[in-house]
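Enquirer: The sequence and its predicted three-dimensional model are supplied below.
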Amino acid sequence: MTHHTEHPPTGLPAGRAKARRPAGAVVVVLVALAALVLAVVGTLLWWLGDRLPEGADRTRTENQRLQVAGLARQLADAAHDGELTDSEIDRVARADPWRVDRPDDGAVRIVVTTVPALADEPASCTEFTLPAPLGPATEAAHQPAKEACPVRD
C-alpha cells in the first residue's frame, strides 16, 4: 500500500515559492540603499548650498587682499629709485584704470580700480599713498578709495 500525502495547493510549485523569498529581500535591500543614497546626497547638497556662498565670499575677499598687497609692493618697488613716473604706475596697474595725484609735498597718491579675474566679481577701488621722500624705504599704504573710481577712457 502506498501512502500518498497530499498538500494543499499553493498556486505555485514548492521550489518557486522559495525562490521568491530571496528576490523579495533583494528588492527591500535595494530600496533601503536607494533611500540611504538619496538621504546622503540631499544632505550633501544642503550643506554645500549653505557653505559655498560663504566660501566664495572668503575667496573673493582674499583674492582682493592679495591683489591690493601686490600692487602696493610693486608701487613701492617702482619708487625705490626716488621717483615714480606715470609709465611706472601704468606698468604696475597693467590694464586697470588709475589716476595719480602729486601734491606739492612730494608724496604720490594713486587711485586704482582693480578689475577682478572673475567677471562676476565687482571691481574695487583702492587708494595707495607713497609718502615723500620716495626711495628705498618707501612703503605704499593703501585703503579703500573714498572718491569715485577711475574709469578707462
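Expert: All right, it came through fine.

Enquirer: Going by neighbour count, list what's buried in stretch 128-146.
Expert: 128, 129, 130, 131, 134, 138, 140, 142, 145 (16 or more other CB atoms under 10 Å). Where C-beta positions appear, they are placed from N, C-alpha and C, glycine not excepted.

Enquirer: Excluding residues flanking it in the chain, which one is nearest the fourth one?
Expert: Read it as residue 131. Distance criterion CB to CB, 6 or more residues apart in numbering; nearest residue to residue 131, sequence neighbours excluded, is residue 107 at 5.1 Å.

Enquirer: which stretches of the protein have low pLDDT?
Expert: Applying pLDDT under 70 to the chain flags residues 1-21, 45-57, 116-121, 153.

Enquirer: ranges for the helices of it?
Expert: All helices of the chain, identified by DSSP state H, fall at 14-78, 86-93.

Enquirer: Quick one: those helices as CSV, columns for mean neighbour count and distance to residue 151 too.
Expert: What follows is the helices of the chain, written out as CSV (neighbours: other CB atoms under 10 Å; distance: least, CB to CB, whole Å):
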stretch, mean neighbour count, distance to residue 151
helix 14-78, 12, 18
helix 86-93, 16, 13
